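[1] what's the 3D shape of this:
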Amino acid sequence: MRIPTMAELTAEGKSPDILFFVGCAGSFDQRAQKITKAFATILQKIGVNFAILGKEEMCNGDPARRAGNEFLFQMMAYQNIRLLDGYGIKKIVTTCPHCFNILKNEYPALGGNYEVVHHTVFLQQLIDEGKIRMKESGEFKGKKITYHDSCYLGRANNIYEAPRKVLEALDIELTEMKRSRSNGFCCGAGGSQVFKEEEKGTQRVNNERAREAIETGAQIIASNCPYCMTMLTDGVKYNQKEEEVKVIDLAELIAGSME
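    Below is the predicted model of the structure:
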């Protein structure tokens, strides 16, 4: 798969409609790379004019800020803003709620003002516009699926309906966990917890959340975040259900079902 970079398009005197901000997980984590490829495949298939930063993209600084290193965050943010503004970027789409939240809500205070859209919302828009059409007998049709609300998409940005509408377009059986929407339960990765062990005497959050998902009887846990993907996958393994239950991103579900 060949995706043009901003540097290449600029050299040709061209500009994309959208910048796909891949993020650290989507760039370097092998499982998250599959989400990146699925989303890029969808965009290319329907003819969206987009580009990536490629090797010029650096971390948005979210993990540093959440862990308390404000200096490192601001250094990263200012470098990113200078790069984005240098290319004249107006609209950004990302597959990571952490990237989405910080670019949309926290960069403006430092001078970075962009239209930022999470891929679940973007996918819903494309489906509503008829640009994405599903096969009559899609790969996931009829499957029992439960959806995990990631904290930075749900409670932080109040986006609950878009991902569920995307799932409805797949003609699946959606079953909700007891704790969902604004009452959802974290996967355990937030606040840079993904990079450390739990405090002594506490239970791993991801194992409990995975158990809640498994108890719905769903065959698939639908996710929209690479961190949630890692934590829930590990939780499913901990509960010894990896053969029966799979964790799949919404972009992968759509890519495997569209005409």
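[2] what's near enough to touch the residue nearest to P163 when sequence neighbours are not counted?
    Leaving aside its sequence neighbours, P163 sits nearest to T120 (C-beta to C-beta, 6 or more residues apart in numbering; 4.3 Å). Any C-beta I mention is one placed from the backbone N, CA and C, and that applies to glycine too. Counting by C-beta atoms under 8 Å, 6 or more residues apart in numbering, T120 touches L153, I159, A162, P163, V166, N224, L250.
[3] got it, and P226?
    Per C-beta under 8 Å, 6+ apart, neighbours of P226: G23, A25, G26, D29, R31, A32, I35, T95, C96, D249.
[4] low-confidence ranges, the stretch 51-200 of the chain, go.
    By pLDDT under 70, the low-scoring segments of the stretch 51-200 of the chain are 189-200.
[5] returning to that earlier point: the residue nearest to P163 belongs to a helix?
    Yes: remark: T120 belongs to a helix, assigned using DSSP: H, G, I helix; E, B strand; the rest coil.
[6] and the gap between it and F39?
    For T120, the distance to F39 equals 10 Å [C-beta to C-beta, to the nearest Å].
[7] swap in K141?
    Taking C-beta to C-beta, one finds K141 at 21 Å from F39.
[8] who's more crowded, those two?
    Neighbours were counted for K141 and for F39 using other C-beta atoms under 10 Å; F39 has more, 26 against 14.
[9] is it true that the more buried one touches V22?
    No: the pair F39 / V22 is not scored as a contact, 9.2 Å apart, by C-beta atoms under 8 Å.
[10] list the residues that contact both of the two?
    Residues touching both F39 and V22 (C-beta under 8 Å, 6+ apart) are T95.
[11] skip the chain neighbours and tell me the closest residue to L53.
    M6 (5.6 Å).
[12] in what helix or strand does the closest residue to D171 other than its chain neighbours lie?
    Leaving aside its sequence neighbours, D171 sits nearest to K141 (C-beta to C-beta, 6+ apart; 5.0 Å). If you go by DSSP states H and E, K141 is not part of any helix or strand.
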